[in-house]
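S.K.: Structure of the sequence below:
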Amino acid sequence: MATPRDYRTRVYENYGTSFQDEKTYFDIADSRQWGKAYAHYFRHWLPTASDAQIVDLGCGRGKLLHFFLERGYTNLKGVDISPEQVLVAKEVTTDVVQGDVLDFLEGARGQFDLITALDLVEHFSKSEVLRFLDGCLGALKPGGRLILQTPNAESPWGTAYRYGDFTHEVGFTPDSLRRLLALAGFSAIAPREAGPIPCGYSVSSNVRYLLWQVIRMSLLAWNIVETGNKGSGVVTRVFLCAATKPM
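M.R.: Alright, predicted model coming up:
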């Protein structure tokens with residue numbers, strides 16, 4: 001009889017092509033364009049030293065590894081459960097491991113200056129989320145930083161994004177994730193929107209950014225009228241959150 005977890009093996013074997021309609025090779029031009037947005041999203045969060053130890057958990061096809069490589073970082077590692085995705089990510093750097101990130105973290109105590117995990121934490125069960133956050137804290141050096149990205153349950157589009165992937169198990173608001181990070185022992189917890197980029201991406205993005213400010217203020221006003229407060233103030237359909245391991 002199949003166990004409840006067997007779906008992961010079946011889905012992740014060809015996750016990139018079957019569930020994300022990705023190419024079978026690493027597209028440098030696409031990655032560079034994608035990276036322009038993350039240069040904005042990650043502002044003031046990245047290590048100053050080029051030899052900082054960085055690991056990208058759930059690295060997928062290696063876009064974020066490529067982002068770091070093009071910005072001069074030299075000590076990069078990726079981890080992903082999907083053999084298909086790992087094969088493509090190795091076109092960026094050979095130091096990519098196929099495996100369970102939870103097991104990986106528990107064998108990497110105090111190794112990293114920065115841990116990134118984009119669109120990963122929502123794929124865990126509740127007990128695995130706590131194990132994951134504990135593992136990230138343990139794998140960071142004192143003063144090291146964790147950066148997460150996840151669907152935003154506080155967004156009007158959050159539910160659609162949450163259930164748009166069969167492998168999503170849980171959802172978060174910026175406040176619920178902040179509380180879990182604090183429970184795990186993190187400090188300096190800072191959520192951030194992942195919306196249109198105000199400059200440096202494209203002309204259409206500049207226009208979208210201006211229009212988004214109007215829509216965003218309307219959503220905050222909606223919250224204030226209904227509840228008396230604006231909530232977290234983070235209303236994009238996905239959001240980022242940085243947190244630091246205390247010294």
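S.K.: After the lengthiest strand in the chain, which helix or strand is next? Please name it.
M.R.: Among the elements of the chain assigned as strand by DSSP state E, the one spanning the most residues is strand 140-151. Next along the chain after strand 140-151, taking DSSP states H and E as the criterion, comes helix 158-162.
S.K.: so what secondary structure elements neighbour that next one?
M.R.: Helix 158-162 makes packing contacts with strand 140-151 when contacts are defined by 3 or more CB pairs under 8 Å, 6 or more residues apart in numbering; DSSP states H and E. All C-beta atoms are positioned from the backbone trio N, CA, C, and that covers glycine.
S.K.: Just checking: what are the partner strands of the strand it packs on?
M.R.: The sheet places strand 140-151 alongside strand 112-118 (parallel), strand 238-244 (antiparallel), with pairing taken from DSSP bridges.
S.K.: if we look at the first one, which residues are touching it?
M.R.: It stands for strand 112-118. For strand 112-118, the surrounding residues in contact (CB atoms under 8 Å, 6 or more residues apart in numbering) are 46-47, 49, 52-58, 64, 101, 136, 139-141, 143-149.
S.K.: I would like the residues contacting stretch 176-192, please.
M.R.: Applying CB under 8 Å, 6+ apart, the set of residues contacting stretch 176-192 from outside is 41, 121, 129-130, 133-134, 136-137, 146, 148, 150, 153, 172, 174, 232, 234, 239-246.
S.K.: Now do the buried residues in it.
M.R.: Leu177, Arg178, Leu180, Leu181, Ala184, Phe186, Ile189, Pro191, Arg192 (16 or more other CB atoms under 10 Å).
S.K.: Buried ones from the contacts of strand 112-118, can you make that a PyMOL selection?
M.R.: The following PyMOL line selects those of these that are buried, judged by 16+ other CB under 10 Å:
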select buried, resi 46+47+52+53+54+55+56+57+58+64+101+136+139+140+141+144+145+146+147+148+149
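S.K.: and the gap between the residue positioned nearest the centre of the chain and Gly78?
M.R.: Against the mean C-alpha coordinate of the chain, by CA atoms, centre = their mean, the closest residue is Leu118 at 1.7 Å. When distances are taken as CB to CB, to the nearest Å, Leu118 and Gly78 turn out to be 12 Å apart.
S.K.: list residues touching both of those two?
M.R.: Contacts common to Leu118 and Gly78, judged by CB under 8 Å, 6+ apart, are Asp56.
S.K.: which phi and psi does the closest residue in space to Tyr15 that isn't next to it in sequence have?
M.R.: In space, not counting the residues next to it along the chain, Tyr15 is nearest to Ser82; the distance is 4.5 Å by CB to CB, 6 or more residues apart in numbering. Here the main-chain torsion angles of Ser82 (degrees, to the nearest 10) amount to phi -90, psi 120.
S.K.: and the gap between Ser82 and Val101?
M.R.: Summarising the geometry, the distance separating Ser82 from Val101, computed by CB to CB, is 12 Å.
S.K.: same check, this time on Met217
M.R.: Between Met217 and Val101 the distance is 38 Å, computed by CB to CB.
S.K.: For the biggest helix by length in the chain, which outside residues touch it?
M.R.: Residue-count comparison of every helix in the chain, with assignments taken from DSSP state H, identifies helix 203-227 as the longest. With CB under 8 Å, 6+ apart as the test, helix 203-227 has contacts from Pro156, Gly195, Pro196, Ile197, Pro198, Cys199, Asn229, Lys230, Gly231, Gly233, Val235.
S.K.: Please name whichever of these scores lowest on pLDDT.
M.R.: Lowest pLDDT of the contacts of helix 203-227: Cys199, 74.
S.K.: Now for it, how many residues are close by?
M.R.: Applying other CB atoms under 10 Å, we find 9 residues neighbouring Cys199.
S.K.: Kindly indicate whether it is helix, strand or coil.
M.R.: coil (DSSP: H, G, I helix; E, B strand; the rest coil).
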